[in-house]
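> Attaching a predicted model along with its sequence, questions to come.
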Amino acid sequence: MAEIMDMPGSEKFTIGTYFQTLTRLLASPRAFFNEMPAEGGWRQPLCFLFLSSLFFTGASLTVMREHTLFMAGVLFVNAMGMTFISAGAAFVVITMTLGKRASFGGLFAVFAYSAGVTMLASWIPSFVWLTEPWKWTLVALGLVKGCRLKWFQAILMVALSIFLLILFFWSLAPLIAYVKGSS
């Protein structure tokens with residue numbers, strides 16, 4: 001159990017650990033997040049996210065026909081990076097609205113496990129309409145059970161985090177248009 005939940009002193013992460021974590025998360029996300037320490041380490045969630053991102057990247061390439069090496073890099077960086085950006089947005093929202101100093105490590109773990117498990121299906125074309133709501137539902141559950149927020153607070157944090165992410169990418173639109181126009 002300590003190996004899966006990243007208890008202090010448990011730094012070992014194996015493929016078996018990955019599948020045990022995945023099984024527990026799919027079978028009972030409520031129990032999984034309830035047992036997750038609020039001040040957990042980074043290694044277990046990061047390794048879980050890394051392996052899920054590798055799977056997502058490889059599986060996504062099965063439906064692409066061109067620029068596969070470039071797209072593999074983009075997909076992998078996106079899978080890993082969006083988890084960090086989303087956890088950062090949630091950290092900012094929780095700190096600013098609740099005045100609660102939440103642990104970024106704990107928030108990252110919630111986002112890494114939630115994103116990692118949904119990546120197993122999100123590579124399938126058009127499944128994003130199922131996996132994104134599933135991911136954010138897992139995030140809300142993780143905020144309640146893992147970070148000890150109330151349901152109302154968790155739902156509010158998810159909504160405000162999504163809003164902040166939309167604003168962030170909307171603000172990047174002129175830069176992206178400029179870069180596309182100059183190439």
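That came through, no problem.

> Please name every helix or strand in contact with the helix or strand where Phe55 lies.
Assigned by DSSP states H and E, Phe55 belongs to helix 43-61. When contacts are defined as 3 or more CB pairs under 8 Å, 6 or more residues apart in numbering; DSSP states H and E, helix 43-61 packs onto helix 15-27, helix 68-98, helix 104-122. Bear in mind the C-beta positions are built from the backbone N, C-alpha and C, glycine included.

> Which SSE is immediately downstream of the shortest one?
Same thing as helix 15-27. helix 29-35.

> sorry, back to before: relative to helix 104-122, how tilted is the helix holding Phe55?
20 degrees (axes from the mean of the first three to the mean of the last three CA atoms, to 10 degrees).

> and helix 43-61, which residues are buried?
44-53, 55-57, 59-60 (16 or more other CB atoms under 10 Å).

> coming back round to it: quick one, which of the helices and strands packed on helix 43-61 is packed in tightest?
helix 104-122 (a mean of 23; mean count of other CB atoms under 10 Å).

> that older thread, how about the helices and strands packed on helix 43-61 in JSON lines, adding distance to Pro133 and mean pLDDT?
As requested, these are exported to JSON lines (distance: least, CB to CB, whole Å; pLDDT from 0 to 100):
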{"stretch": "helix 15-27", "distance to Pro133": "16", "mean pLDDT": "94"}
{"stretch": "helix 68-98", "distance to Pro133": "14", "mean pLDDT": "92"}
{"stretch": "helix 104-122", "distance to Pro133": "9", "mean pLDDT": "95"}
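
> Quick check: pLDDT value at Ser126.
At Ser126, the pLDDT value in this model is 87.

> roughly how far apart are it and Val63?
11 Å (CB to CB, to the nearest Å).

> Leu51 now?
20 Å.

> cool, and Trp151?
From Trp151 to Val63 the distance is 37 Å (CB to CB).

> With Pro29 instead?
As for Pro29, its distance to Val63 is 28 Å (criterion: CB to CB).

> Please apply the same query to Leu49.
Leu49 is 22 Å from Val63, by CB to CB.

> next one: Gly106
Gly106 is 35 Å from Val63, by CB to CB.

> which ones are touching the closest residue to Val144 other than its chain neighbours?
Leaving aside its sequence neighbours, Val144 sits nearest to Ala154 (CB to CB, 6 or more residues apart in numbering; 4.8 Å). By CB atoms under 8 Å, 6 or more residues apart in numbering, the contact list for Ala154 reads Ala140, Leu141, Leu143, Val144.
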